[in-house]
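# coords below, sequence missing:
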DNA sequence: AGCTGATATTTGAAATGTCAAAGGTTCGTG
DNA sequence: CACGAACCTTTGACATTTCAAATATCAGCT
């Protein structure tokens, strides 16, 4: 354990350099980024080996899973924080795999609604259960109080960042 | 301010659903992920519009900046958490732009060392200054104590995750 | 010297990511 | 009802991403 920690500290130093003189905001950002990358990569690896799926596909299906009626591609784009053009391709591939179905509603022919098929629903449910388990595993060494505290503190960071964006995010 | 916060809370709900029944680890993970995405996208946007650069290029140059003698591509891959094949293409484009130079040392002809050119050095220095400023801006509303606290708490998360990886990360 | 195994990088296929521009479709208003 | 603005999705050009397979080189051993 102690050894693993030491190795990890080294990794951090290697990744971001021995930058004692950086501003705290920058140090925090670099650590957030590397931590997120680390966990993302692990989740990607497991999704691929255990389910043959990708993380973006998982994210997209997660949105559809809780909207039985499906979602418009534009909504999907906002919720997954993925660009419109990207959603098109993702849905295309998921449709080819039989997990998602595309429908154009009668009312508005500009719109395309994507929804999970029955296959897609059961497939996603299995992935979601594993996904939640993996996260509990990976955060097993963290004090539960710290987890909830982190959740709210990161909320503060997110709020601050949201208030200082240049682009029009609140369309 | 209060309004912007309300809007942001809505965004979070939209992005991740009104999932009161999720495990804390999952909630924390989703929030970390969306926050990191939000800030990354803002940094990407600014790097592109103000410098015509991409975030991976910035990351790569950051590593070279603090190693005047340059780095082997494999080292670059580890430090940037980017795969080998990916580094090849990144360096290729940066070389075409005149910011990076590739050299094969005499001793070992398997190796390729990348280093910043003079142009690359001054270019990166300008980007780095802006980059640090942007982060201070985006985190301006966060209590400085919280920033340092977050830094160490996220360290705990990172350590825990490192200890529960499936793949061989500590080669 | 020649083999073998380890190292280092490149390549190729497929997916994801961005942005900008182009296509349709709908709606309000003249 | 026709026009133009607004809306939704797709397309196209590129960059990035991963993985696996291929290449190239080195180092050690016989």
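Right, received. Where do you want to start? Treat the numbers as computed from the prediction; the structure is a model and nothing was measured. Numbering: from 1, shown residues only, chains lettered A, B, ... in the order given.

# so the helix or strand hosting residue A:30, near DNA strand C or not?
Secondary structure from DSSP states H and E places residue A:30 in helix A:24-46. No: with C-beta under 7 Å from any atom of the strand as the criterion, DNA strand C is not reached by helix A:24-46; the gap is at least 9.4 Å. Where C-beta positions appear, they are placed from N, C-alpha and C, glycine not excepted.

# list the helices and strands that helix packs on?
Contacts defined by 3 or more C-beta pairs under 8 Å, 6 or more residues apart in numbering or on different chains; DSSP states H and E place helix A:24-46 against helix A:2-16, helix A:55-65, helix A:118-138, helix B:24-51, helix B:118-138, helix B:144-162.

# off-centre distance for the third one?
Yep, that's helix A:118-138 we're talking about. Relative to its chain's centre, helix A:118-138 lies at 13 Å (C-alpha atoms, centre = their mean, to the nearest Å).

# check whether it contacts DNA strand D.
No: Helix A:118-138 lies out of reach of DNA strand D by C-beta under 7 Å from any atom of the strand, never closer than 14.9 Å.

# flag every buried residue along that helix.
A:120, A:123, A:124, A:127, A:131, A:134, A:135, A:137, A:138 (16 or more other C-beta atoms under 10 Å in any protein chain shown).

# quick one: the spatially most central residue of chain A and residue B:25, what's the gap?
Nearest to the geometric centre of chain A sits residue A:59, at 5.9 Å (C-alpha atoms, centre = their mean). Look at residue A:59 and residue B:25: by C-beta to C-beta, to the nearest Å, they are 17 Å apart.

# circling back: right, and the helices and strands packed on helix A:24-46 - which one's nearest residue A:158?
Nearest of these to residue A:158, taken as C-beta to C-beta: helix B:24-51 at 4.3 Å.

# model confidence over that closest one, on average?
For helix B:24-51, mean pLDDT rounds to 96.

# pull out the buried residues from stretch A:152-169.
By 16+ other C-beta under 10 Å, the buried positions in stretch A:152-169 come out as A:153-165.

# on that earlier part again, from the buried residues of helix A:118-138, pick the one nearest DNA strand D.
Taking C-beta to the nearest atom of the strand as the measure, residue A:134 is the one of the buried residues of helix A:118-138 closest to DNA strand D, at 14.9 Å.

# the closest one contacts residue A:45, correct?
No: applying C-beta atoms under 8 Å, one finds residue A:134 not in contact with residue A:45, separated by 10.2 Å.

# stretch A:145-159 and chain B, are they touching?
Yes: Stretch A:145-159 reaches chain B (C-beta under 8 Å from any C-beta of the partner chain) through A:146-151, A:153-159.

# tally of neighbours for the residue of chain A found nearest DNA strand C?
Closest contact between chain A and DNA strand C, by C-beta to the nearest atom of the strand, is at residue A:85 (2.9 Å). Counted with other C-beta atoms under 10 Å in any protein chain shown, residues neighbouring residue A:85 total 8.

# for DNA strand D, see how far away it is.
Noted for residue A:85: a distance of 2 Å to DNA strand D, by C-beta to the nearest atom of the strand, to the nearest Å.

# quick one: mean pLDDT for the helix or strand where that residue lies?
In the assignment (DSSP H and E), residue A:85 maps to helix A:84-96. Mean pLDDT, helix A:84-96: 96.

# what angle do that helix and helix A:118-138 make?
If you take axes from the mean of the first three to the mean of the last three C-alpha atoms, to 10 degrees, helix A:84-96 sits at 110 degrees to helix A:118-138.

# which parts of the next helix or strand after helix A:84-96 are buried?
Downstream of helix A:84-96, the next assigned helix or strand under DSSP H and E is strand A:100-103. For strand A:100-103, the neighbour count (16+ other C-beta under 10 Å) marks A:100, A:101 as buried.

# show me what strand A:100-103 pairs with in its sheet, parallel or antiparallel.
Within its sheet, strand A:100-103 is paired with strand A:113-116 (antiparallel), according to DSSP bridges.

# got the contact list for the partner strand?
With contact meaning C-beta atoms under 8 Å, 6 or more residues apart in numbering or on different chains, strand A:113-116 is reached by A:61, A:64-65, A:67-73, A:76, A:91, A:94-95, A:99-105, A:124.

# which among those residues count as buried?
Burial by neighbour count, judged by 16+ other C-beta under 10 Å, picks out A:61, A:64-65, A:67, A:70-73, A:76, A:91, A:94, A:99-101, A:124 from the contacts of strand A:113-116.

# where does chain A have low pLDDT?
Applying pLDDT under 70 to chain A flags the ranges A:1-21, A:167-171.
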